[in-house]
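Model the following, please.
(2 chains)
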Protein chains: 2
Amino acid sequence: MAKPPRANAVVGQSGGPTGVINASLAGVIEQVCKNDKIENLYGAIHAVQGIVKEDFIDLKKLSVSDMEGLAACSSSALGSSRDKPDEEYCRKIFDVFKKRNIRYFFYIGGNDSANTAHIVNMVAAEVGYDLRAFHIPKTIDNDLLVTDHCPGYGTAAKFVSCAVMGDDLDNRALPGIKVDVIMGRNAGFLVAATALAIQSDGDGPHLIYFPERPVTMEKFVADVESVYKKLGRCVITVSEGICDTDGVPWTKKIIKQQETDAHGNLQLSGTGALADFLAAAVRQKLKVKRVRADTFGYLQRSFVGFQSPVDVEEARDCGRQAVKFAMEEQSGSVAIKRIGNGEDYAVELFCTELRNVAEKSKTMPDGFINAEGNGVADAFIQYVKPLTGDLPRTYFLGNYPRV
Amino acid sequence: MAKPPRANAVVGQSGGPTGVINASLAGVIEQVCKNDKIENLYGAIHAVQGIVKEDFIDLKKLSVSDMEGLAACSSSALGSSRDKPDEEYCRKIFDVFKKRNIRYFFYIGGNDSANTAHIVNMVAAEVGYDLRAFHIPKTIDNDLLVTDHCPGYGTAAKFVSCAVMGDDLDNRALPGIKVDVIMGRNAGFLVAATALAIQSDGDGPHLIYFPERPVTMEKFVADVESVYKKLGRCVITVSEGICDTDGVPWTKKIIKQQETDAHGNLQLSGTGALADFLAAAVRQKLKVKRVRADTFGYLQRSFVGFQSPVDVEEARDCGRQAVKFAMEEQSGSVAIKRIGNGEDYAVELFCTELRNVAEKSKTMPDGFINAEGNGVADAFIQYVKPLTGDLPRTYFLGNYPRV
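You can find the predicted model right below:
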């Protein structure tokens, strides 16, 4: 390995915003400022779009107060992009890197971002240009390979569990059937996190549905009916990616006007259609009057002021660590290894090859889902609990002794 | 005024849950425990339903830790009810009061709850029974008369403004058009509070629509087009109660299957239909691809762990004060008077007659809405700012100088 060159660096944020992607950015900034190999730190506005257009800001000039402020603020402060660069696009990126003597590339995003870093790195290697490309993971879906969990997931998990806590209390106060649709196209980690809302007997969510477990409408309605008959109410959380047993996402069956992004992904968020459809089906088949549906929508990834402290700290560490790895390695993706759990929860960061993360994704392990496919297993609770930080306690007095 | 009798008390929570209705309950409990006139404090499970069924718990036995816990927890810990008692129902309530020697009735709720307290109090007065009936205000809609603002509103206002902050940052990161539908059947106070998300030039919400200002679809789309042409993006907040210029709520025009509650209210919440309809209209007319819609739904009233501290304190004070007033007056509704604003924000509580609050509601004063009817006036910001407590700062770096 060559000595790290003295040169410029660029950092960008890609994909959907999260609650802590700015904390990773802050980690990169503070570590770069401690590093004598990196001269300028360019912030690319709107990710790869900003790189090819040379739309850069000077992140070393950011005030400490702004850096700390942005670390505490959700969303992507540099702006994002849904562009999925092919090799030609990556050659344009590389041209800018050569022109500006950029030899460090830090890219915060999901598996597509890891792939972009991977391709640009290969383009540079072809011509023997010493580029050090590092991917810093983020996603609320928690679906990246290798890493134990993704920065961004803990904060989103905290949000959805507190939302469902409140929703279940609401449903106790005014009983009925409530369907909540949660983000997660292919992986059920986020909808699974709503299980953290359960603190006492009878607490919802009473049913949880995952993209990993296809279910028919008949089974879904029968499950709801069974809970409703027992408790007189039912709170259900459903992943937006839920599929019928023929493998077709329910949303695809419902929404007439399809919209896909540049990555070929069907638009699942930003519409209440699935929730309304499920509520209507339940209302019609069970003849229950009070059936409501909510789609948590973009609040899950961008709500301001409700981060998981452990998630913020880990996200920031991933940013710092990417800069440190760039002094030792040619490329890689920062990954989290869990070295203790429960009260002894602790992690250490390591570097994995970009190709191990690029374009791939994971789903919930079988051991995290119950046998019925409509709830989580205890192993999942052990997994997720340390990631949200302490959660508020809920109170309902309806179970107190009568006088 | 007769000396306050030594007797039992009952407290109930009615209507939709809020973030601080349990704080008001905690205020009643702690003040009753300091009071030597009140023997037992019955908590009515599911409001008036619980009273007629004598479904009571003993709130004096609640541990301090549970009382403090519930004060910090949203929703209605005693359970709620949508029953709207008529005179016959109120006579049944009164029968239970006589049977249990209940002479203090504390009812936390909206204008319907004030009306229930009013009717029961009149029934008692007919036969010379010394009943002291007090209404403690709560609503996220902030639509009660007399009081400067309602406990519950500040917390909901904080939630929606932080949600829209995040949503606007998200929309800066990935530009497009975003429609957010906010609760508020007849009053626009809650949707107006989303204006608190605006911290810098260009911040959204760029357009706000109120139930108080009917608007045609043509005007709505033209407004959105105008913002989109200027900024390349647009975040819009719309009250669920928005009406066409013929006075008919848009939701009524959209949803085929109508559902009304016992109060004759159309179901506006718990469905994403309005948001999806508006998004589709904008997408179709402006030919913009990235148009998204979210309906904030029940999260606005029940989300756990995100209270406004000033709202909690005021809600609790209203509960305490109801008990104090009951030692001096025969009946009334606790109301808030603002005696200082801005940095010097302060309130004092007073007692108004139940009939001043019962069944009536208020809407946004004209001076709180801009001339165009699509945003707030500065007077509203001055009004709402002290009610949420400090809000987080937002960060977007896209406006920094380029290098």
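
And the residue of the stretch 251-400 of chain A found nearest chain B, what's its pLDDT?
Here the stretch 251-400 of chain A gets closest to chain B at one residue, A:G272, 1.5 Å apart by C-beta to the nearest C-beta. C-beta coordinates here come from the backbone N, C-alpha and C atoms, glycine included. Listed pLDDT for A:G272 reads 83.

for the one 10 residues further on, same thing?
Per-residue confidence for A:V282 comes out at a pLDDT of 94.

if you skip the residues just before and after it, what's nearest to A:I140?
Spatial nearest neighbour of A:I140, excluding adjacent residues (C-beta to C-beta, 6 or more residues apart in numbering or on different chains): A:A156 at 3.7 Å.

what mean pLDDT does the helix or strand encompassing the one you found have?
For A:A156, the host element (DSSP states H and E) is helix A:153-173. Averaged across helix A:153-173, the pLDDT comes to 98.

Tell me the spacing between A:V248 and chain B.
Using C-beta to the nearest C-beta, to the nearest Å, A:V248 is found at 21 Å from chain B.

Dihedrals phi and psi, A:I369?
Note on A:I369: its backbone torsions stand at phi -120, psi 140 [degrees, to the nearest 10].

For it, list each beta-bridge partner.
Beta-bridge partners for A:I369, by DSSP bridges, are A:V376.

Contact partners for it?
A:G188, A:A192, A:F210, A:E212, A:R213, A:G375, A:V376, A:A377, A:F380 (C-beta atoms under 8 Å, 6 or more residues apart in numbering or on different chains).

Would you mind giving me the confidence score for the fourth one?
Think A:E212. Taking A:E212 on its own, its pLDDT is 97.

Now do the contacts for it.
A:A187, A:G188, A:T363, A:M364, A:I369.

how does it look with 7 Å?
A:G188, A:T363, A:M364, A:I369 (C-beta atoms under 7 Å, 6 or more residues apart in numbering or on different chains).

Secondary structure of it: a strand, I assume?
No - read with DSSP: H, G, I helix; E, B strand; the rest coil, A:E212 is coil and lies in no strand.

Against chain B, how distant is it?
Distance from A:E212 to chain B, by C-beta to the nearest C-beta: 25 Å.

What's the local residue count around A:S331?
A:S331 has 24 neighbours, counted by other C-beta atoms under 10 Å in any protein chain shown.

contacting residues for it?
For A:S331, the contact set (C-beta under 7 Å, 6+ apart) comprises A:A117, A:N121, A:R132, A:A133, A:F134, A:L354.

Now the two most distant members of those.
Farthest apart among those by C-beta to C-beta are A:R132 and A:L354. That separation is 11.3 Å.

follow-up on the earlier one: could I get the contacts of A:S331 as CSV with pLDDT, secondary structure and distance to chain B?
Below are the contacts of A:S331 laid out as CSV (pLDDT from 0 to 100; DSSP: H, G, I helix; E, B strand; the rest coil; distance: C-beta to the nearest C-beta, whole Å):
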residue, pLDDT, secondary structure, distance to chain B
A:A117, 96, helix, 19
A:N121, 96, helix, 24
A:R132, 97, strand, 21
A:A133, 97, strand, 21
A:F134, 98, strand, 20
A:L354, 97, helix, 23
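
Which of those sits closest to B:L387?
Checking the contacts of A:S331 against B:L387 by C-beta to C-beta gives A:F134 as the nearest, at 45.0 Å.

who's that closest one bridged to?
Taking DSSP bridges as the rule, A:F134 bridges to A:F106, A:G332.

Give me every residue in the stretch 201-350 of chain A lying close to chain B.
Residues of the stretch 201-350 of chain A lying close to chain B by C-beta under 7 Å from any C-beta of the partner chain are A:270-273, A:275-276, A:292-295, A:297-299, A:302-306.

change it to 8 Å
Applying C-beta under 8 Å from any C-beta of the partner chain, one finds that the stretch 201-350 of chain A approaches chain B through A:257, A:259, A:269-273, A:275-276, A:279-280, A:289, A:291-299, A:301-306.

what's the angle from the helix holding A:A156 to helix B:153-173?
140 degrees (axes from the mean of the first three to the mean of the last three C-alpha atoms, to 10 degrees).

what's the nearest residue to A:L397 if we skip its chain neighbours?
Using C-beta to C-beta, 6+ apart, the closest residue to A:L397 is B:A77 (4.7 Å).

Kindly apply the preceding question to A:A358 instead.
Using C-beta to C-beta, 6+ apart, the nearest residue to A:A358 is A:N115, at 3.8 Å.

And the contacts of whichever helix or strand the one you found is part of?
Element membership for A:N115, per DSSP H and E: helix A:111-126. For helix A:111-126, the external contacting residues (C-beta under 8 Å, 6+ apart) are A:14-15, A:47-48, A:84-87, A:90-91, A:93-94, A:97, A:105, A:107, A:109, A:130-131, A:133-135, A:137, A:143-145, A:263, A:330-331, A:333, A:354-355, A:357-361.

Stretch A:214-231 now?
A:177, A:202, A:206-207, A:209, A:233-234, A:236, A:242-247, A:278, A:281-282, A:285-286, A:288, A:372-374.

Tell me where the stretch 251-400 of chain A has helices.
Taking DSSP state H, counting those that start in this stretch, the helices of the stretch 251-400 of chain A run over residues A:273-286, A:299-302, A:309-325, A:354-357, A:378-384.

what mean pLDDT does the last one have?
I take that to be helix A:378-384. Helix A:378-384 comes out at a mean pLDDT of 98.

can you give me how far it is from the chain middle?
Computed by C-alpha atoms, centre = their mean, to the nearest Å, the separation of helix A:378-384 from the middle of its chain amounts to 17 Å.

Report all helices and strands that that helix contacts.
In this structure, helix A:378-384 makes packing contacts with helix A:189-193, judged by 3 or more C-beta pairs under 8 Å, 6 or more residues apart in numbering or on different chains; DSSP states H and E.

close to chain B, is the helix it packs on?
No - against chain B, helix A:189-193 shows no contacts by C-beta under 8 Å from any C-beta, the least distance being 14.2 Å.

Okay, buried residues for that helix please.
Buried residues in helix A:189-193, counted by 16 or more other C-beta atoms under 10 Å in any protein chain shown: A:F189, A:L190, A:V191, A:A192, A:A193.
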